[in-house]
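Visitor: Got a sequence here, can you model it:
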Amino acid sequence: MNDRSDKLFAARLSDITEQSCRKGCCVFSSFLDERQCAEAEAWCRKNTGELMYRLWGGFPEARRKMLAVYPDYCGDYVEEEYPFVCLTFDYRREDKLTHRDFLGSFMGLRLKREVIGDIVVTEGRTQAFFTETAARLIMSSVSKIGRTGVKVSDSSPFELEVKQEYKSICGTVASLRLDCLVSLAAHVSRENAASLIRSDRVDVNHFTASSVSRELSEGDIISVRGSGRYVLSAVKGVSGKGRIHVELLKYI
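Guide: Below is the predicted model:
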């Protein structure tokens, strides 16, 4: 986010908090992406006062979530109150549909990304989350994804196994500095890695990283625009020449 969008997002969070405080009830955001979720978490820790907050996207591994801000007496039922719907799309197993196929069809209905949560695709069945208004539109409008016929239902709870596939990248680096790890991940020189960082094209844990010398730790997530997203999964020790053995996992 740039400074202007940061301020606008903070204003949206402030409005949600004020509404919850004034009305004494739970107030929800639209679907937030991973970076917005991290921003919202940081903002809420500082600004919600006695109000409670929770981010939830329908299942524990969800990347896109809604923020709920609420008085503590609403805590026992807030999960059931989230204003989104899980839709199930059934189709022939031999029809190899992808996340992109589904998202393209939904966006073709002129739905904004903020009304669509996670889309989990498996063979023959896909489940996805939508705001209640978007779900009604999908139910009444969608009978095909691309050229593939689908049957849409809102009667099944989310039940698919979420599998994240990775490609392992092993190598040695001079240090755990960000420029060293971006160099390994993106297969570029340290000089080019530093240039990517200085041009705001690298995020660490969903926030733009500006320091090439920032030290990373196991579990940190690195996103390099144009290259992909990686997690520093393991630091495996030091070689005889003093270089550090690491493993990065690239999301695929």
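Visitor: Tell me, how many residues neighbour Cys44?
Guide: Neighbours of Cys44 under the rule other C-beta atoms under 10 Å: 20. For every residue, glycine as well, the C-beta is placed using N, CA and C.
Visitor: next SSE after the helix ranked longest in the chain?
Guide: Assignment by DSSP state H gives helix 3-23 as the longest helix of the chain. Remark: after helix 3-23, the chain's next helix or strand is strand 27-32, criterion DSSP states H and E.
Visitor: The helix or strand that that following strand is followed by: which residues count as buried?
Guide: Of the helices and strands lying after strand 27-32 in sequence (DSSP H and E), the nearest is helix 34-47. Of all the residues in helix 34-47, those buried under the rule 16 or more other C-beta atoms under 10 Å are Glu34, Arg35, Gln36, Cys37, Ala38, Glu39, Ala40, Trp43, Cys44.
Visitor: mind putting the residues you listed in a markdown table, pLDDT and distance to Thr133 included?
Guide: Formatted as a markdown table, the buried residues of helix 34-47 follow (pLDDT from 0 to 100; distance: C-beta to C-beta, whole Å):
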| residue | pLDDT | distance to Thr133 |
| --- | --- | --- |
| Glu34 | 94 | 24 |
| Arg35 | 92 | 25 |
| Gln36 | 95 | 20 |
| Cys37 | 96 | 22 |
| Ala38 | 94 | 27 |
| Glu39 | 94 | 25 |
| Ala40 | 96 | 22 |
| Trp43 | 96 | 26 |
| Cys44 | 96 | 25 |
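Visitor: which one among those gets closest to Arg147?
Guide: Glu34 (31.5 Å; C-beta to C-beta).
Visitor: what sits against that closest one?
Guide: Residues counted as contacts of Glu34 (C-beta atoms under 8 Å, 6 or more residues apart in numbering) are Arg63, Arg64, His206.
Visitor: roughly how far apart are it and Phe84?
Guide: Distance of Glu34 to Phe84, given as C-beta to C-beta, to the nearest Å: 17 Å.
Visitor: Kindly report the same for Glu165.
Guide: In terms of C-beta to C-beta, Glu165 sits 26 Å off from Phe84.
Visitor: Same drill for these two, tell me which one is more crowded.
Guide: Phe84 (24 against 8).
Visitor: which residue packs closest to that one, ignoring adjacent ones?
Guide: Phe129 (5.0 Å; C-beta to C-beta, 6 or more residues apart in numbering).
Visitor: Name the single longest strand found in the protein.
Guide: Identified as the longest strand of the chain according to DSSP state E is strand 228-238.
Visitor: Quick one: distance of the helix or strand just after that one to the chain centre.
Guide: On the C-terminal side of strand 228-238, the nearest following helix or strand under DSSP H and E is strand 244-251. In terms of C-alpha atoms, centre = their mean, to the nearest Å, the centre of strand 244-251 is found 21 Å from the chain centre.
Visitor: for this protein, what spans make up the helices?
Guide: Using DSSP H, helices in the chain cover 3-23, 34-47, 78-81, 99-108, 132-141, 178-186, 190-198.
Visitor: Out of those helices, which is closest to Ser233?
Guide: Using C-beta to C-beta and comparing the helices of the chain, the one that lies nearest Ser233 is helix 178-186, at 11.6 Å.
Visitor: now that closest one: mean pLDDT?
Guide: Averaging pLDDT along helix 178-186 yields 97.
Visitor: Point out where the chain drops to low pLDDT.
Guide: Along the chain, the parts satisfying pLDDT under 70 run over 1-3.
Visitor: Can you give the domain ranges for it?
Guide: In terms of domains, the chain is parsed into 3-80, 84-153, 166-251 (source: automatic domain parsing).
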